[in-house]
Each structure stands twice: as structure tokens, then as C-alpha cells.
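A.B. asks: Got a sequence here, can you build the structure:
(one chain, ligands or ions: 1)
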Amino acid sequence: MTEKLSDTGRDTMLAPLYATGWTLCEGEDAICKTYEFADFIEAFSWMTRAAFWAEKWNHHPDWRNVYKTVEVKLTTHDVGGLSSLDAKLARKLDAL
Ligand SMILES: C[C@H](O)[C@H](O)[C@H]1CNC2=NC(N)=NC(=O)C2=N1
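C.D. replies: Below is the predicted model of the structure:
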């Protein structure tokens, strides 16, 4: 069963993500990042690749795409905050 990240879990799991542009979202226990692509097709292709990983892991982003920008928010609804699944998916999104 997925659990909410502990304080120590946050430090170890989120610190590397802060280094790649992730931040804690305002007013909620989630991490946010805005990705900028060359154009809409690059952005949407990335979203498509990301969608397959989200579905495979049954862990889905809250995201918004406008033209070549994708705003991503990750949190674990089942536990009401950040879990290791969010860090795992964030690492994958950064690697796509
Ligand atoms: C029923 C389904 O397995 C759950 O709703 C999954 C789906 N995707 C999910 N995605 C995210 N981000 N958090 C969840 O808690 C979650 N739960």
C-alpha cells in the first residue's frame, strides 16, 4: 500500500527533483514542473509517451498543455499527498 512520504522520505526523494526544476506546488502537497518544448507536436508527443508510463504504473499526472508548454502537477490522491509514486513518475517524465 502506498504511503504518504515521511519527512525524511521527502528529503531523499524530492531533493534530486528540485535540481531538475520541480518545486512544491503552492498550497498543496504536490510537486509541479513546467516543461517547454520546441512546438505543439513535440509537447503532445511527450505527453503521449508519458501517458503510457502513467497508465503502466497506474499513477496519473494532473497536467495542462497550452501550445508548446506542459504544466505538470503530481500528487497521490489515494493518500492525500506526495508519495514515492510521484517521485518515481517525476523521474520518468524528466527522462522522456
Ligand atoms: C482506481 C485507480 O487505481 C486509482 O484511482 C489510481 C489511478 N491513478 C492515480 N493517480 C494519481 N496521481 N494518484 C492516485 O492516487 C491514483 N490512483
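
A.B. asks: Briefly note if stretch 67-77 comes near the ligand.
C.D. replies: Yes: using C-beta under 6 Å from any ligand atom, stretch 67-77 comes into contact with the ligand via T76, H77. C-beta coordinates here come from the backbone N, C-alpha and C atoms, glycine included.

A.B. asks: For the lengthiest helix in the chain, which outside residues touch it?
C.D. replies: Secondary structure of the chain read by DSSP state H shows that its longest helix is helix 40-56. Contacts with helix 40-56, where a contact means C-beta atoms under 8 Å, 6 or more residues apart in numbering, come from 35, 37, 60-61, 63, 65, 67-70, 89, 92-93, 96.

A.B. asks: do the same with stretch 27-34
C.D. replies: With contact meaning C-beta under 8 Å, 6+ apart, stretch 27-34 is reached by 4, 14, 17, 20-25, 62, 69-75, 80-82, 86-87, 90, 93.

A.B. asks: For stretch 59-72, list every residue counted as buried.
C.D. replies: Of the residues in stretch 59-72, those with enough neighbours to count as buried (16 or more other C-beta atoms under 10 Å) are H59, P61, W63, N65, V70, V72.

A.B. asks: who touches the closest residue to the last one other than its chain neighbours in this structure?
C.D. replies: So the one you mean is V72. Beyond its immediate neighbours in the sequence, the residue positioned closest to V72 (C-beta to C-beta, 6 or more residues apart in numbering) is W63, lying 4.7 Å away. For W63, the contacting residues are M47, V70, E71, V72, K73, by C-beta under 8 Å, 6+ apart.
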